[in-house]
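Asker: got a sequence here, can you build the structure:
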Amino acid sequence: MIIRHIYHSAYEIITETHHLVFDYFQGDLELQEDKLKIFFVSHSHGDHYSPKVHELADAVILWEGMSYRDDKTYPMGVDEEMELHGIKIHTSGSTDEGLSFEIEVEGKRVIHAGDLNNWVWPEDTAEERAQMNEDFLYYLSLFKKEPDVLMFPVDYRLKENYDLGVNQAVATLKPKLLFPLHFREYPEILPVYQEFIQEKVRMILPEEMPFVLD
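Answerer: The predicted model follows:
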């Protein structure tokens, strides 16, 4: 299995038989024409989705709240399961919009969080923060623990709270590897956080990719 960061929250995973792409909207993408091309769309925000994915894909799994439908589109809601082309797919929700995905492919389990995070902003009230934390922990609880890969936001727009959600996710899910999402405005935070979290999980930086997971 080869894992590569494309841009922002977009990643691709290439296996012997599949080419999987998550939350693609721009960036270099060389699709493997001899593999099944499956795109996952967590929600419709412009930094997670472009309609052109429907032209590129053999199948598109997307949040049911999105209006696009055709014969190769598979809408899903929160806490649903589906098996498609040899991939087991389970969804959880988001504390922003849409879905987060847990997939099993060729013996590996991968979680892509989409915009699921403990989004705490300076202007939020105590009540808003408490509700956010409750919703976040609930959606985390829908995933099985100890995934091989966790792809999760490390977003320094949140300033001192940038690592709140990812710390909780690592402590709760205990992933083998962590891959960052949603960091394009402040990529310089990644090596800082990698050093901070190194005793709890191995975090893979974009410059370490393509990453081969045996």
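
Asker: residue 63 - how many residues pack around it?
Answerer: A count of nearby residues for residue 63, using other CB atoms under 10 Å, gives 25. Placement of C-beta: from N, CA and C, glycine included.

Asker: oops, could you answer that again for residue 127 instead?
Answerer: 8.

Asker: do residue 17 as well
Answerer: Around residue 17 there are 14 residues (other CB under 10 Å).

Asker: same thing with the one 3 residues further on?
Answerer: The number of residues packed near residue 20 is 24, by other CB under 10 Å.

Asker: now it. Nearest residue, chain neighbours left out?
Answerer: residue 13 (4.3 Å; CB to CB, 6 or more residues apart in numbering).

Asker: I'd say that neighbour and residue 32 touch.
Answerer: No - contact criterion CB atoms under 8 Å: residue 13 and residue 32 do not qualify, at 10.8 Å.

Asker: shared neighbours of those two, anything?
Answerer: Shared contacts of residue 13 and residue 32, defined by CB atoms under 8 Å, 6 or more residues apart in numbering, comprise residue 19.

Asker: in terms of neighbours, single out the busier of the two.
Answerer: Taking other CB under 10 Å, residue 13 and residue 32 do not tie; residue 13 has more neighbours (24 against 14).

Asker: circling back to that earlier point, and the helix or strand harbouring the residue nearest to residue 20, which strands flank it?
Answerer: Per DSSP states H and E: residue 13 is located in strand 10-14. According to DSSP bridges, strand 10-14 forms sheet pairs with strand 2-7 (antiparallel), strand 18-22 (antiparallel).

Asker: centre of the chain versus that strand, how much separation?
Answerer: Averaging C-alpha positions (CA atoms, centre = their mean, to the nearest Å) puts strand 10-14 10 Å from its chain's average.

Asker: then stretch 47-62?
Answerer: 15 Å.

Asker: what sits up against that stretch?
Answerer: 8-10, 21, 23-26, 29, 31, 36-43, 66, 68, 70, 72-76, 82, 84-85, 89, 98, 101, 114-115.

Asker: try 7 Å this time
Answerer: 8-9, 23-26, 31, 36-43, 68, 70, 72-76, 84-85, 89, 114 (CB atoms under 7 Å, 6 or more residues apart in numbering).

Asker: next: stretch 114-134.
Answerer: Outside stretch 114-134, the residues that reach it (CB under 7 Å, 6+ apart) are 23, 42-43, 48, 92-100, 136, 139, 153, 158, 161, 164-165, 168.
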